[in-house]
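Q: sequence plus predicted model, see below.
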Amino acid sequence: MTQLTTAPPQQPTDVGRALRTAQLPTAAPRLVLAAAIVVGIGVWLGTGTPFLGVLFGWLTCFVLPIASAFVEGSRKATDRLVTVLVTSAFGIALIPLFSILWEVLRRGTQVLGIDFLTFSMRNVVGEGGGIYHAMTGTLLITGAAAVISIPIGLFAAIYLVEYADGNRLSRWLRFLVDVMTGIPSIVAGLFAYALFVIFFGEGVRMGIGGSVALSVLMIPIVVRSSEEMLKLVPNELREASYALGVPKWRTVAKVVLPTALAGIVTGVTLAVARVIGETAPLLIIAGATDSVNFNLFDGRMATLPVFAYASQRNPGVPPEFSIERAWGAALVLLVIVMLLNLVARLVSYFFSPKGDR
Amino acid sequence: MAKSIDVSDLNIYYGDFLAVEGVSIPIAARSVTAFIGPSGCGKSTFLRSLNRMHEVIRGARVEGKVLIDGEDLYGAEMDPVNVRRMIGMVFQRPNPFPTMSIYDNVLAGQKLNSKRMKKADADDVVERSLRSAGLWSEVKDRLDRPGSGLSGGQQQRLCIARAISVEPEVLLMDEPCSALDPISTSVIEDLIHELKSQYTIVIVTHNMQQAARVSDETAFFNLAGVGKPGRLIEVDRTEKIFSNPSDPATEAYIQGRFG
């Protein structure tokens, strides 16, 4: 073999000519990316406008497909062009995410501290105070919403997948669930308010009402995600269970649900994360207060999103402290959602069928 | 243990579609009966109707009688769940429960039915079933490992251990070796020979040599044409079917002229 590599290059054969094409060096994409960053920073510093920097940096990336068109031919140039476009789309999608994270972290951390997490806003004017009341309110209301939604949603999904057999009722159910997924959250809030007015009269404010409103939003998500997960359970496992003389309900409870558990838990957690940030329905039915309220069934209850909204809307004089607290509440909410996602990942890791990992 | 089966005039439907027509066949206790025939001729469908697994599919139903020791499986008061406890089944593709360990897989029939067992009894059942399935020596040190981590052949033997751990009277096998390599196949064929002394075994196979190797009786199924229902052509001693079948279609199939 060494002889071959040290031998002088042979004249290309016909086959060789047919198979070979000119190629850009492997490092070309990285070089172009580096050049784009340099151009971008240069334009930014030169003009003082970050937008122009990004624009020119982005345009520089197109050097790669153009160079490729001259050297490598049109097929590879198209490939490189599409690669640049797809990657830019990915980058654009990341911008809002990082921008939000950055802004919330930058402005939220200023106010963060033990006091902020352990004090309520009772009798606080100006500086100081905390979000203890809003945090407990959010956790209680969302927790109660989960307690209402998870059984209903999960059982509905089990009905759809295991018992409905595609009958008329199940088609309607699926359609209505899809419609419910698109319900504006304010409508859910009005529904809960109207429902509670029937029993408690006009002007009712209750934490549990917020839970009901959030359940209206959460149930369709739980149904849909659980349904998809249950559908993924191979039919062979159900048949294996039946063939052992296991009745259907035990098969569902002990074979189908455990197999799908990881996905169901992930779906439920994402549904919780989705509704925990809802503001509009809670504004209507749970209201806002400055005091701690642990009783879901009595009176107004503060929640993080409503607190952030109210602090921003009516900051008082001077406004800085209140607005600072609004960002702090936003940060805490974000952290709670991230923790939920983390828990979902851990659960799906530990509960997924063994042998797959 | 081990019961005989007597099927008379069984029609099997999927909705309005008649899949298998007019099957009558006696199956002796403590014997191996093989079903052979071309694809789509209703062997598996017929097999599934023997432990009422057929009706798990929506719209599927049967007409006729399946007698097990004289009792009609499709009688009005028969509970399909109890029927399946008495007549176990092994499927074409190994399907151990992915959430369970090897130990729990073997005991699945008991555990899923929440049957209380002493630990010592449970250990006993697991060891006995795995020994019968010829898997004990390979897995005895890793009973707590997931069943899905085994090789295909081991998984299939695990499924056989699972099926026999509930001590059925009859064992139905739906092409148990079609997803396996020749070595695993021969292990399972040896196993069938051993299990024959305790169980009535019915096996569907595409592999005629396998039918000749493992079975005492062989039934040949065929269908008259596309869209026509499958029928039982003949059933006889395996040696006779493979040496001197009564029906020319059987002979043609066995000699490889079609199918």
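A: Arrived safely, thanks for sending.
Q: look at the closest residue in space to residue A:42 that isn't next to it in sequence and report its pLDDT.
A: Closest residue to residue A:42 apart from its sequence neighbours, by Cβ to Cβ, 6 or more residues apart in numbering or on different chains: residue A:53 at 7.7 Å. Where C-beta positions appear, they are placed from N, C-alpha and C, glycine not excepted. At residue A:53, the pLDDT value in this model is 88.
Q: quick one, what contacts residue A:53?
A: Listed by Cβ atoms under 8 Å, 6 or more residues apart in numbering or on different chains, the contact partners of residue A:53 are A:40-45, A:47.
Q: quick check: it vs chain B, distance?
A: Note on residue A:53: its distance to chain B, by Cβ to the nearest Cβ, to the nearest Å, is 52 Å.
Q: now the contacts of residue A:53 as TSV including neighbour count, secondary structure and pLDDT?
A: Formatted as TSV, these follow (neighbours: other Cβ atoms under 10 Å in any protein chain shown; DSSP: H, G, I helix; E, B strand; the rest coil; pLDDT from 0 to 100):
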residue	neighbour count	secondary structure	pLDDT
A:40	21	helix	90
A:41	14	helix	91
A:42	13	helix	92
A:43	21	helix	91
A:44	17	helix	90
A:45	10	helix	91
A:47	12	helix	88
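Q: just these now: which is nearest chain B?
A: The nearest member of the contacts of residue A:53 to chain B, counting by Cβ to the nearest Cβ, is residue A:40 at 49.7 Å.
Q: so which strand or helix has the closest residue in space to the closest one that isn't next to it in sequence?
A: In space, and not counting its chain neighbours, residue A:40 is closest to residue A:57: 2.6 Å by Cβ to Cβ, 6+ apart. Using DSSP states H and E, residue A:57 sits within helix A:50-61.
Q: give the buried residues for that helix.
A: Residues of helix A:50-61 classed as buried by neighbour count (16 or more other Cβ atoms under 10 Å in any protein chain shown): A:53-54, A:56-58, A:60-61.
Q: now stretch B:234-244
A: Neighbour-count burial for stretch B:234-244, counted by 16+ other Cβ under 10 Å, picks out B:234-236, B:238, B:241-242.
Q: sort out for me which of the residues you listed are in helices.
A: Mapping the buried residues of stretch B:234-244 onto helices (DSSP state H) picks out B:238, B:241-242.
Q: contacts made by whatever helix or strand residue A:175 lives in with the rest, please.
A: If you go by DSSP H and E, residue A:175 is part of helix A:168-181. Helix A:168-181 is contacted by residues A:156, A:159-160, A:164, A:216, A:219-221, A:223-224 when judged by Cβ under 8 Å, 6+ apart.
Q: give me the next element, helix or strand, following that helix.
A: For helix A:168-181, the following helix or strand on the C-terminal side (DSSP H and E) is helix A:185-200.
Q: that following helix to helix A:168-181, inter-axis angle?
A: Here helix A:185-200 runs at an angle of 110 degrees relative to helix A:168-181 (axes from the mean of the first three to the mean of the last three Cα atoms, to 10 degrees).
Q: not counting helix A:185-200 itself, show me its contacts.
A: By Cβ under 8 Å, 6+ apart, helix A:185-200 touches A:204, A:206, A:209-210, A:212-214, A:216-217, A:278-285.
Q: in strands, which of those residues appear?
A: Assignment to strands by DSSP state E places none of these there.
Q: ok, of these, which come out buried?
A: Neighbour counting over the contacts of helix A:185-200 (16+ other Cβ under 10 Å) leaves A:204, A:206, A:209-210, A:212-214, A:216-217, A:278-285 as the buried ones.
Q: for the helix or strand hosting residue B:62, buried residues please.
A: Using DSSP H and E, residue B:62 sits within strand B:60-68. Neighbour-count burial for strand B:60-68 flags B:60, B:62, B:64, B:66-68 (criterion: 16+ other Cβ under 10 Å).
Q: chain center to the helix or strand following that strand: distance?
A: Sequence order places strand B:71-72 as the next helix or strand after strand B:60-68, per DSSP H and E. Distance, stretch centre to chain centre, for strand B:71-72: 19 Å (Cα atoms, centre = their mean, to the nearest Å).
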